[in-house]
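Need coordinates for the below:
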Amino acid sequence: MKQHMQRGFSIVELMVAVTLSMILMAGVLSIFASSKVTYLSNEKVARLQENGRMALDLIVRDIRASGYMGCAKAVPFNTTLNTPTALRWDYSRPMQGFESTGPGSWSPALTTAVIPSAQAAQDGSDAILLRVSQREGTSQRVTNNLASATADPQVAAAVANGIMMITDCNASTVFQVTGFAAGAAQHVAGGATAAGPGNSTNNLSYVYQRDARLIPMQTVVYYVRNNSLWRGVGSSTPEELVEGVQALQIVYGEDTDADRIVNNYVAANAVTNWANIVSVSVSLLVRSEQSGNDVDAQTYSLLGTNVGPFNDRRQRMLFTTTAALRNVAI
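Sure, this is the predicted structure:
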């Protein structure tokens with residue numbers, strides 16, 4: 001009986017198999033690494049686009065809504081507020097811009113009444129203050145005719161202490177609600193509170209009738225701090241909204257001949273009359289939070305203002321748009 005000998009692979013065959021396996025593995029790893037780099041790059045671009053679009057949307061939405069004067073903008077506008085021409089409380093004008101003119105310097109002056117020193121704006125970027133109806137606020141109808149111009153408007157639901165506009169197609173008045181009782185928004189003359197500057201008088205300057213609207217108002221400021229977009233609302237502490245916003249530049253479309261068409265775009269420190277602004281151009285430079293491989297040696301032009309080069313490994317994207325003040329331009 002023949003004895004069969006068992007035989008395995010030779011050393012040469014094993015080396016060939018291992019080599020082929022390593023080549024295949026290297027190919028798989030190369031594809032995986034390339035896919036990961038592509039994924040991270042796409043994610044970085046998507047995050048840049050998301051942050052830029054979100055930041056622009058927030059600013060533009062309030063720009064378009066600024067300057068609301070009630071049912072018809074041609075009606076008489078009144079205010080009972082103390083310091084009615086102060087930046088936070090001047091609802092007769094839709095906005096106020098601040099042009100960065102140097103380290104720690106803005107024109108007009110960006111005071112702590114607009115932005116607290118603890119949340120100061122970043123050098124080199126502009127700021128914009130807008131006067132709008134509250135985005136989350138609910139307007140109400142006045143349920144009864146006012147007996148006199150000093151009477152408290154009756155409404156169906158309670159209203160919080162704060163700045164309100166009462167308006168119909170005959171007049172508009174901004175006042176501070178000082179309390180709510182018996183279904184009425186009280187507006188007694190008094191000093192400043194956390195909700196506003198108080199009223200210098202309780203006279204609304206017009207006897208509003210049933211179905212007039214009572215609308216909550218607010219002042220909003222947007223600016224850049226620590227490479228993020230920040231927003232301050234009224235007297236509240238400003239908050240960070242969108243990370244990665246490295247620069248903000250704004251120019252204002254001024255109508256100098258009262259035809260509701262922009263004659264020229266100018267920086268905030270060149271605006272002659274804020275009541276004549278009918279549109280605003282906004283430019284944002286947004287950067288990635290993570291570093292990449294390529295050095296960013298590019299110079300970016302934000303509405304005529306050059307920024308960079310930064311010579312770091314972050315990716316950047318420029319966003320620019322123009323928005324009309326709908327309550328002014330029509």
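
which ones are touching the spatially most central residue of the chain?
Relative to the mean C-alpha position of the chain, the nearest C-alpha, by CA atoms, centre = their mean, is the one of residue 59, at 3.2 Å. Applying CB atoms under 8 Å, 6 or more residues apart in numbering, we find residue 59 in contact with 128, 222, 229, 282. Any C-beta I mention is one placed from the backbone N, CA and C, and that applies to glycine too.

how about those residues in a markdown table, adding neighbour count?
Below are the contacts of residue 59 laid out as a markdown table (neighbours: other CB atoms under 10 Å):
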| residue | neighbour count |
| --- | --- |
| 128 | 22 |
| 222 | 25 |
| 229 | 26 |
| 282 | 23 |
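
out of those residues, who's nearest residue 269?
residue 128 (13.1 Å; CB to CB).

got the CA coordinates for the one helix or strand the closest one maps to in PDB?
In this assignment (DSSP states H and E), residue 128 forms part of strand 127-133. What follows is strand 127-133, C-alpha atoms only, in PDB (Å, rounded to 0.1, in the frame of the first residue of the first chain):
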ATOM      1  CA  ALA A 127     -22.800  96.400  13.200                       C
ATOM      2  CA  ILE A 128     -26.500  97.200  12.500                       C
ATOM      3  CA  LEU A 129     -29.300  98.100  14.800                       C
ATOM      4  CA  LEU A 130     -32.900  97.400  13.600                       C
ATOM      5  CA  ARG A 131     -36.300  98.400  14.900                       C
ATOM      6  CA  VAL A 132     -38.900  95.800  14.200                       C
ATOM      7  CA  SER A 133     -42.000  94.100  15.400                       C
END
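
Mind listing residues that contact the helix or strand following it?
Once the chain leaves strand 127-133, the next helix or strand it forms, by DSSP H and E, is strand 140-141. Applying CB under 8 Å, 6+ apart, the set of residues contacting strand 140-141 from outside is 155-157, 159, 210-214.

could you redo the last one with a cut-off of 7 Å?
155-157, 211, 213-214 (CB atoms under 7 Å, 6 or more residues apart in numbering).

what sits against the residue lying closest to residue 137 once chain neighbours are set aside?
Nearest non-adjacent residue to residue 137, counting by CB to CB, 6 or more residues apart in numbering: residue 216, 3.5 Å away. Residues near residue 216 by CB under 7 Å, 6+ apart: 133-134, 137, 162, 164.

and of these, the nearest to residue 271?
Using CB to CB, residue 133 comes nearest to residue 271 of the contacts of residue 216, at 23.2 Å.

that older thread, tell me how far the one helix or strand the residue nearest to the centre of the chain maps to is from the chain's mean position?
For residue 59, the host element (DSSP H and E) is helix 11-65. Taking CA atoms, centre = their mean, to the nearest Å, one finds the center of helix 11-65 at 31 Å from the center of the full chain.

what angle do it and strand 127-133 make?
Interaxial angle, helix 11-65 versus strand 127-133 (axes from the mean of the first three to the mean of the last three CA atoms, to 10 degrees): 60 degrees.

Report the angle between the strand ranked longest in the chain and helix 11-65.
Scanning the chain for the strand with the most residues, using DSSP state E, yields strand 277-296. Using the same axes, to 10 degrees, the direction of strand 277-296 lies 160 degrees away from that of helix 11-65.

Need the contact partners of whichever helix or strand comes after strand 277-296.
Going down the chain from strand 277-296, the next helix or strand is strand 300-302, by DSSP H and E. The set of residues external to strand 300-302 that reach it, using CB under 7 Å, 6+ apart, is 247, 249, 283, 285, 307-308, 316, 318.

mean confidence for the helix or strand just after strand 300-302?
Later in the chain than strand 300-302, the nearest helix or strand by DSSP H and E is strand 305-307. The pLDDT scores in strand 305-307 average 92.

Kindly report the same for stretch 292-302.
Mean pLDDT, stretch 292-302: 88.

From start to finish, how long is it in a straight line?
When the termini of stretch 292-302 are compared using CA to CA, to the nearest Å, they are 23 Å apart.
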